Every structure is written in C-alpha cells, then in structure tokens.
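1. attaching a predicted model along with its sequence, questions to come.
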Amino acid sequence: MTTQNWPLWEVFLRSRNGLHHQHVGSVHAVDAEMAVANARDVYTRRGEGISIWVVPSASIVASDPGDKDELFEPALDKVYRHPTFYEIPDGVANI
Amino acid sequence: MSPTSRGGRRLLTYADGALVLSHRLSEWMSNAPTMEEDIALGNIALDLLGQARGLLQTIGDEDELAYFRDSAEFRNPLLCELPNGDFAHTMVRQLFADAWFAEVWAALAAGETVGADVRGVAEKAVKENAYHWRHSSAWVVRLGDGTDESHRRTQDAVDALWPFRGELASDEWYARVEPVLAEATLSTPGRDAWTQRGSADGWHTEHLGYLLAEMQSLARAHPGATW
C-alpha cells in the first residue's frame, strides 16, 4: 500500500477553548473520517489539541508567490497600523 | 496481590495480553503501510504498554514480571502473541483483542472486587480502548468491503484467527465483533466452531518464545540497567 495516490488534507488544531484553530501540517487519507483519525494520531500525541479540522488541500486557494511584492510590500512602511502605541493590561492574555 | 493468587492470575491475563500485543504492534514501527498508520500503531502500542505496566505494578515488580518470566508463566490469550502477518491480519487480530479489552476494562473500572489502583488503570484504559476499537473496526470494514485483494486478505485473516477467539469470546464479544464483520462482508465459521485454548495453563504457541527472547534479551543481558 502507498499513500502516493491518497489525497492530501491540511490539519488545523485548536489547542484550547477560546483560541482559534491553527494550521499544524498535513496528512494523507482516503476520506474525511480517516483524515481526522490520522490528524489525531500524528498531531495530538502530546496533548496539543482539543479540536481538529481537516480540509482537502486541493480546496485551498493560495496567493501567487510572484505577487508577493504588490500584495505585501505596501504594508511594510505603515507602522501606524500596528497597535503598538497602547499599553496592554496585564490581565489580557492571547494577544 | 500475588501473581499466583486467583485474582492475580486474572489480572496477569490482562496485563500479559496488553504487554505481548504491544510488543507485536511495535514490530510494525517503520514498516507500516503509510507513515500516518505507522504513528497510529505506535500510539496504540504505547497505550497497551501503559495499561500493562499499570496492572503489573499492582501485582508485583513490573520489570521482574515482564522480563524474567518464561513463556509458560505468561497468561496472555494466545491471540495476542500471534505474528503480525499482513496489515489485514494485524487489524483483525486487533479487532478481536480490542473487543475483549473493552469488556475487561469496563468490568475492572466498575468492579468493586479490585483495588483503587486497578480501577484507576481501567478507567484510563476505557477511553484508550474506545479509540483503538474505532481504529481497528474502521480498518476491518474498509479492507473487508474494499477491493477483491483486500477482501481476500481480510477473510484469510478472519479464517486464521477465528480459532483463537475462545479465550476472549463472550456473548458480549460476539455482539461487538459480528456486526463489524458483517458490515465488512466477511464470514466466520460461527460461534460453535472449534477453538484453541491453553494460555490459562501456560500452554502457548511457538511464537511467544521468540517474541519474549527479543523483548527480554536486553534486561537479561544487563539486569537492573537504567536509561
């Protein structure tokens, strides 16, 4: 058996309540059920997550690396868009 | 609890079953059909090892029990020691073992005849077993109701392993296993077919000796060795 022809799935984990799911990697699987199982086995062995999303990698639409300059460079010199002029209260986690 | 008392022998059956099956699954490491499955089998092997250790610690010295008994002193069901065969064979063996463990852990977790230490091991194992069962039953259905080749291999595994069900099977066991085999379009010779026994008296297949030789050699060559 080989995973050569098995579809690829992107794996997202939520590490605890209140946080959002984050991309952690990918797995091969023949269907969604197996993708969740494989994601559980590969990416939650050390207590990393309490919720798993899997998405067929083919469903992801990506930006073109060639458009990098026009898409992202204009933001680099606009420091005033960063909320760095505030004191963050000690009680606020997860920023 | 002494390993030779009635209660101790019963726990030893479960502990040895988990220990020996764990070792068998660990033989798949780096050889499983896919990388994802390699990790899945490793996870299950580690769960079983933890369960075995938990029970052995309630019976006596875990290293002494695991590494310095010979095959005739092991009480694991014969099914657990059988070689891996192909992946279908390993999954059918796992299905049969998981169904047995489901009953074992539920009884120990609810049991008033066992100590709190054993109940603690069992309560954790109930959840681990639920996942093992989900994994093995899903694979048996996929393989049995899959391609011609996967069906043939899985049916061969059922035919080869069915005669070893006798040390595990209860009405509850059949009620778990039979619907999965039916969904997988696999047939069995039936509940009344002949079955092999022997492990309760220390009679094992020839395979256990080789397994123990590999599992125990390091501890016996270097007694008391630590990491």
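-> The structure has been received and is ready for your questions.

2. for the lengthiest helix in chain B, packing partners?
-> Ordering each helix of chain B by length in residues (DSSP state H) puts helix B:116-144 first. Judged by 3 or more Cβ pairs under 8 Å, 6 or more residues apart in numbering or on different chains; DSSP states H and E, the packing partners of helix B:116-144 are helix A:32-43, helix B:35-59, helix B:87-110, helix B:148-161, helix B:171-183. Quick note: C-beta positions are derived from backbone N, CA and C, even for glycine.

3. please work out which of those helices is packed deepest.
-> helix B:87-110 (a mean of 22; mean count of other Cβ atoms under 10 Å in any protein chain shown).

4. that one and chain A in contact?
-> Yes - on the criterion Cβ under 8 Å from any Cβ of the partner chain, helix B:87-110 is in touch with chain A at B:Phe87.

5. tell me how far that helix is from the chain's mean position?
-> 7 Å (Cα atoms, centre = their mean, to the nearest Å).

6. look up the closest residue to the residue most central in space within chain A, ignoring the ones flanking it.
-> Among the residues of chain A, A:His23 comes closest to the average C-alpha position under Cα atoms, centre = their mean, at 1.8 Å. In space, and not counting its chain neighbours, A:His23 is closest to A:Phe12: 5.4 Å by Cβ to Cβ, 6 or more residues apart in numbering or on different chains.

7. if we can go back for a sec, can you put the helices and strands packed on helix B:116-144 in CSV and add distance to A:Ile88 and mean pLDDT?
-> Shown next, in CSV, are the helices and strands packed on helix B:116-144 (distance: least, Cβ to Cβ, whole Å; pLDDT from 0 to 100):
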stretch, distance to A:Ile88, mean pLDDT
helix A:32-43, 30, 96
helix B:35-59, 39, 97
helix B:87-110, 46, 97
helix B:148-161, 57, 98
helix B:171-183, 54, 98
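
8. got a list of what A:Ser51 touches?
-> If a contact means Cβ atoms under 8 Å, 6 or more residues apart in numbering or on different chains, then A:Ser51 has A:13-14, A:21 as its contacts.

9. just the buried ones from the residues you listed, in PyMOL syntax?
-> Applying 16 or more other Cβ atoms under 10 Å in any protein chain shown to the contacts of A:Ser51 leaves a buried subset, and the PyMOL line that selects it is:
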select buried, chain A and resi 13+14
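
10. which parts of the longest helix of chain B are buried?
-> Across helix B:116-144, burial judged by 16+ other Cβ under 10 Å covers B:118, B:121-122, B:124-126, B:128-129, B:131-133, B:135-144.

11. same check, this time on stretch B:67-75
-> For stretch B:67-75, using 16+ other Cβ under 10 Å, the buried residues are B:67, B:69, B:71, B:74-75.

12. roughly how far is it from the heart of the chain?
-> Stretch B:67-75 has its C-alpha centroid displaced from the chain centroid by 16 Å (Cα atoms, centre = their mean).

13. what are the contacting residues of that stretch?
-> Here stretch B:67-75 has contacts from B:9, B:12-13, B:16, B:20, B:199-200, B:202-204, B:208-209, B:212, B:215-216, B:219-220, using Cβ under 8 Å, 6+ apart.

14. re earlier: and the average pLDDT for the helix or strand encompassing the residue nearest to A:His23 is what?
-> Using DSSP states H and E, A:Phe12 sits in strand A:8-14. Averaging pLDDT along strand A:8-14 gives 97.

15. now stretch B:119-130
-> 97.

16. quick one, phi psi at B:Ser187?
-> phi -110, psi 160 (degrees, to the nearest 10).

17. and for it, the neighbour number?
-> By other Cβ atoms under 10 Å in any protein chain shown, 13 other residues sit near B:Ser187.

18. pretty sure it sits against B:Gln155.
-> Yes - shown here, B:Ser187 and B:Gln155 form a contact pair, counting by Cβ atoms under 8 Å, at 7.2 Å.

19. did I read that right, A:Trp53 in a strand?
-> Yes - counting by DSSP: H, G, I helix; E, B strand; the rest coil, A:Trp53 is part of a strand.

20. spit out the contact partners of the closest residue to it other than its chain neighbours.
-> Ranked by Cβ to Cβ, 6+ apart and with sequence neighbours excluded, the top spatial neighbour of A:Trp53 is A:Phe12, at 4.0 Å. Applying Cβ under 8 Å, 6+ apart, we find A:Phe12 in contact with A:21-24, A:52-55.

21. B:Arg165 now?
-> B:79, B:96, B:173, B:195.

22. which of the three states applies to A:Arg16?
-> Strictly by three-state DSSP, A:Arg16 counts as coil.

23. what sits closest to it if chain neighbours are left out?
-> Closest to A:Arg16 by Cβ to Cβ, 6+ apart is A:Ile50, at 6.0 Å.
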